[in-house]
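>>> Okay, here's the prediction I keep looking at, along with the sequence it came from:
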Amino acid sequence: MFEKVNPAHPDKIADRIAGAMVDLAYKKEKDPRIAVEVLIGHGSCRIISETSVHISYGEVASAVERIAGQVHIDYCEVPQDRYLAENQKNGFRCGDNGIFRGVPVTEEQINLTRIASYLYEKYGSDGKYIISDDRSIICQSNADTSEIALKYPGAEINPLGNWSGGSDVDCGATNRKLGSDMGDAVTGGGLHGKDLSKADVSLNICAYLSAKECGHPVEYICAIGDSKVNGIPYSEYVEIAREYISEIGGFEKFAEWGLIRGNEIKT
């Protein structure tokens, strides 16, 4: 049983804006410290950024407009807490307590992500999709319902009829669709709007990659300030995650689909 949402869902719009903010921080500094929360809906976007680098209102507004269109922006920027900053002063150490689980992605999850990717490419608007043992549900906004039914016979298409979706109808918040991003691997913490020093990002990515390689669940646990996880320097996990994010195309691109992406299983 799995639910996937596409990048036009309001929660994913919030994730993408947060990811764009992190990308901006990395353009200014090799290893910035940043944590961003975004709430968007009904023409308004509220952004709070705890950051070691300054991101101007103009840069923020440009990213928001590109992703979400014209909305009122309320941007609050504050420095990172001095105790947290001290934790990272002499190299990478775990930025938080946490349990992180990687679970191999199933073919069912990838196939649903492919459906989501296809419909998003075709319609470019808000969509959410569910698959279980006995039901397949496709909710795609601003779409020709009868056309989708022809392509996916047997699926329940837009059960309440046509709908418009998007952040003019609903609100979105950062890291609210982790089930869509992580499948069976969801634990505490969130993937988006944070730099690589945060275990929520680096250890979740590394657990996912390890599970993908070995074919069984992988778990990590850490305390804030740990310099090693499972006997391995935390800095090594950070570099693995850095390479993964780079290959995807940055934190904003990572936020579009999360860890479960449509290219995991070759057709």
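In hand now; what should we look at?
>>> Now do stretch 179-192: distance to the chain's middle.
Centre-to-centre, stretch 179-192 and its host chain are 8 Å apart (CA atoms, centre = their mean, to the nearest Å).
>>> for the nearest residue to L203 once chain neighbours are set aside, what are its contacts?
The shortest distance from L203 to any non-neighbouring residue, by CB to CB, 6 or more residues apart in numbering, is to F100 (4.1 Å). No exception for glycine: its C-beta is placed from N, CA and C like everyone else's. If a contact means CB atoms under 8 Å, 6 or more residues apart in numbering, then F100 has 187, 189, 199-200, 203-204, 206-207, 219-222 as its contacts.
>>> Among the residues you listed, which pair sits farthest apart?
Farthest-apart pair in these is D200 and E219; separation 14.6 Å (CB to CB).
>>> can you confirm A143 is in a helix?
No - going by DSSP: H, G, I helix; E, B strand; the rest coil, the assignment for A143 is coil, not a helix.
>>> Relative to the whole chain's centre, how far out is stretch 135-143?
Worked out by CA atoms, centre = their mean, stretch 135-143 lies 21 Å from the chain centre.
>>> Mind checking which of D200 and E219 has more residues around it?
Legend: neighbour count by other CB atoms under 10 Å for D200 and E219, higher for D200 (21 against 16).
>>> Check which residues of the helix or strand bottoming out on mean pLDDT in the chain are buried.
Lowest on mean pLDDT, DSSP states H and E among the helices and strands of the chain sits helix 82-87, with a mean of 82. For helix 82-87, the neighbour count (16 or more other CB atoms under 10 Å) marks 84, 87 as buried.
>>> does the residue nearest to Q88 when sequence neighbours are not counted count as helix, strand or coil?
Spatial nearest neighbour of Q88, chain neighbours left out: S197 (5.4 Å); criterion: CB to CB, 6+ apart. Under three-state DSSP, the three-state class of S197 is coil.
>>> which ones are touching S197?
31, 33, 88, 92-93, 95, 238.
>>> Show me just the buried residues among those.
33, 88, 92-93, 95, 238.
>>> Please identify which of those residues is nearest to M21.
Scanning these for proximity to M21, where the rule is CB to CB, the winner is R33, at 12.6 Å.
>>> picking up where we left off before, what is the nearest of the contacts of S197 to Q80?
Once CB to CB is applied, the member of the contacts of S197 that ends up nearest Q80 is R33, at 4.9 Å.
>>> contacting residues for the closest one?
Neighbours of R33 in contact, by CB under 8 Å, 6+ apart: 51-52, 80, 84-85, 88, 195, 197.
>>> And the strands in the stretch 51-200 of the chain?
72-79, 98-102, 127-131, 136-140, 156-157, 172-173 (DSSP state E, counting those that start in this stretch).
>>> Could you check the angle the third one makes with strand 136-140?
The one in question is strand 127-131. 180 degrees (axes from the mean of the first three to the mean of the last three CA atoms, to 10 degrees).
>>> Which strands or helices does strand 127-131 pack on?
Strand 127-131 sits against strand 2-5, helix 107-123, strand 136-140, with contacts defined as 3 or more CB pairs under 8 Å, 6 or more residues apart in numbering; DSSP states H and E.
>>> Equivalent analysis for the fourth one, please.
Applying 3+ CB pairs under 8 Å, 6+ apart, one finds that strand 136-140 contacts helix 107-123, strand 127-131, strand 156-157.
>>> Find out how far stretch 257-265 is from the centre of the chain, if you would.
11 Å.
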